[in-house]
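Peer 1: Structure of the sequence below:
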Amino acid sequence: MEQRHVGAGRLPERDPAAAAAETVELVLGDDSPLPDRPGDVEALVHRLRGHILQLGVVVPPREPALVHAQQLGSRCVPEAHVASRVYLVKLAEATKELVSAAQTGCRVSGTEQPTVRVPAGRWRPQINLVRGAVFTAALVLVVVAASVPRT
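Peer 2: Purely as a prediction, here's the structure:
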């Protein structure tokens with residue numbers, strides 16, 4: 001008897017432009033207040049940067065809106081209260097321009113986002129497992145190097 005797990009089916013992927021537009025609305029919406037805590041600003045900046053990365057695959061690499069958003073997104077978040085909120089709003093506005101460019105049909109000619117296919121019977125390690133293995137190997141090498149007597 002075959003058992004099926006709830007949620008085992010693959011969900012359709014969300015449109016990256018729509019997801020980015022929702023985050024932009026959180027920042028620029030008329031009813032949306034700017035965040036009070038620095039952690040909230042960091043979280044919204046992180047989300048906007050992620051949307052810029054996702055939309056970078058959809059629009060041509062030399063699209064001015066993409067270049068502007070990438071340049072703005074690569075800056076550090078200012079530590080001052082007002083400056084960090086101004087940066088957040090500017091990043092949201094740049095992301096909004098990028099969303100408009102993606103929705104108006106500035107698509108890369110005939111290419112879609114690449115998908116990595118793994119054969120069904122093959123195990124693929126999770127990235128954190130690989131990171132843990134590399135860290136463990138480095139730690140073992142440091143311990144061995146430290147325990148070797150000096151001559």
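
Peer 1: Check the secondary structure at S100 for me.
Peer 2: Using DSSP: H, G, I helix; E, B strand; the rest coil, the structure places S100 in helix.

Peer 1: measure the residue nearest to it when sequence neighbours are not counted to V57 for me?
Peer 2: Nearest non-adjacent residue to S100, counting by C-beta to C-beta, 6 or more residues apart in numbering: A65, 7.2 Å away. To be clear about C-beta, it is placed using only N, CA and C from the backbone, and glycine gets the same treatment. For A65, the distance to V57 equals 14 Å [C-beta to C-beta, to the nearest Å].

Peer 1: More neighbours: which of the two?
Peer 2: Under the neighbour definition other C-beta atoms under 10 Å, A65 and V57 were set side by side, and A65 has more, 20 against 14.

Peer 1: Now do the SS call for the residue nearest the centre of the chain.
Peer 2: In the chain, the C-alpha nearest the mean C-alpha coordinate belongs to G50, at 2.7 Å (C-alpha atoms, centre = their mean). Following three-state DSSP, G50 is assigned to helix.

Peer 1: Do me a favour and average the pLDDT over the helix or strand harbouring G132.
Peer 2: Taking DSSP states H and E as the definition, G132 sits inside helix 127-147. Mean pLDDT, helix 127-147: 90.

Peer 1: Give me the below-cutoff pLDDT ranges for this structure.
Peer 2: 1-12, 105-125 (pLDDT under 70).

Peer 1: tell me which element the closest residue to T23 other than its chain neighbours is part of?
Peer 2: In space, and not counting its chain neighbours, T23 is closest to R47: 5.0 Å by C-beta to C-beta, 6+ apart. Using DSSP H and E, R47 sits in helix 38-55.

Peer 1: which outside residues touch that helix?
Peer 2: Helix 38-55 is contacted by residues 16-17, 19-20, 23-24, 26-27, 35, 66, 69-70, 73, 77, 79, 81, 84-85, 87-88, 91-92, 94-95, 98-99, 102 when judged by C-beta atoms under 8 Å, 6 or more residues apart in numbering.
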